[in-house]
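Visitor: next come a sequence and a model predicted from it.
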Amino acid sequence: MINDPSDDQKIVENLSKIGIKVHSIYDLVNTTKSYPEAIPVLLDGLSWIKNNKVKEGVVRALSVPEAKGVANQKLIAEFEAIPSNSTTQEQMLKWTIGSALAVVANRDNRDDLVRIAMCRRHGRSREMIVLALGNLPESSVGKVLTALLTDEDVALQAVIAIRKTGYLDALPTLYSMRMHSKPLMRKEVERAIKKLSNTAPPVLENP
């Protein structure tokens, strides 16, 4: 439920002007149809929408392939503009922005994603961004992901991303995490170790 519907009404009106008929931004979020022509309207909305629930809907509507390479910088700016001491609702919005970035960001955003991932003040809002680093070449993010294994806010996501990249130099740190207190962490660590061990070159014995 949106308490203050004015922002929602305005974005609906702006979408109507380009031929997209919805009753709420969440109608767009829940549709299965593609809407590339709506992307500029949604990006413009990020600059003036004050209602966090409406803005969250816009961000979710931007979490589509059509916004890839287009919404990146705007979403990065929105993410970093939300302070670490913000309200619970604002933190939920921040996490949603991070999730959207995991969809739309590309290799050109590598430095921005790494900067955000390494900044601990962003807390768990970084979870999906750390996962997204696993889609980049291991040579460019392997050391970053290994360093994040000691960051409890995103360590689980770092383990999963390392498994995806196949970064072998992370194995010693992963071995040290086998007795982690959290069962899910232990499970993902073992999966990562198995994957990396299977791809590691064999050790040749001396003749």
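Guide: Cool, got the structure.

Visitor: could you use CA atoms for every contact and neighbour count after this?
Guide: Fine.

Visitor: for residue 136, helix, strand, or coil?
Guide: Applying DSSP: H, G, I helix; E, B strand; the rest coil to residue 136 yields a three-state assignment of coil.

Visitor: was I right about residue 166 contacting residue 194?
Guide: No - counting by Cα atoms under 8 Å, no contact exists between residue 166 and residue 194, whose distance comes to 10.5 Å.

Visitor: who's more crowded, these two?
Guide: Neighbour totals were compared for residue 166 and residue 194, and residue 166 leads with 24 against 13 (other Cα atoms under 10 Å).

Visitor: the more buried one and residue 87, how far apart?
Guide: Look at residue 166 and residue 87: by Cα to Cα, to the nearest Å, they are 37 Å apart.

Visitor: residue 102 too?
Guide: Distance of residue 102 to residue 87, computed by Cα to Cα: 23 Å.

Visitor: where does this protein dip in pLDDT?
Guide: Filtered on pLDDT under 70, the chain yields the residue ranges 1-5, 200-207.

Visitor: which parts of the chain are helices?
Guide: Assigned by DSSP state H, the helices in the chain fall at 6-17, 25-30, 39-46, 52-61, 72-81, 88-104, 110-118, 127-133, 138-147, 155-165, 171-176, 183-199.

Visitor: buried residues in the second one?
Guide: Of the residues in helix 25-30, those with enough neighbours to count as buried (16 or more other Cα atoms under 10 Å) are 25-26, 28-29.

Visitor: and for the fifth one?
Guide: Neighbour counts over helix 72-81 (16+ other Cα under 10 Å) mark 72, 75-76, 78-79 as buried.

Visitor: turn those into CSV, including distance to residue 132.
Guide: What follows is these, written out as CSV (distance: Cα to Cα, whole Å):
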residue, distance to residue 132
72, 13
75, 15
76, 14
78, 18
79, 15
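
Visitor: just these now: which is nearest residue 120?
Guide: residue 79 (13.6 Å; Cα to Cα).

Visitor: how about the closest one: what's its closest non-neighbour residue?
Guide: Once flanking residues are discounted, residue 79 sits nearest to residue 94: 5.7 Å by Cα to Cα, 6 or more residues apart in numbering.

Visitor: so that neighbour touches residue 82, yeah?
Guide: Yes - checked against Cα under 8 Å, the pair residue 94 and residue 82 is within contact range at 6.8 Å.

Visitor: more neighbours: which of these two?
Guide: Between residue 94 and residue 82, counted using other Cα under 10 Å, residue 94 has the larger neighbour count: 28 against 15.

Visitor: quick check: the more buried one vs residue 156, distance?
Guide: Using Cα to Cα, residue 94 is found at 19 Å from residue 156.

Visitor: ok, residue 7 next?
Guide: Between residue 7 and residue 156 the distance is 36 Å, computed by Cα to Cα.
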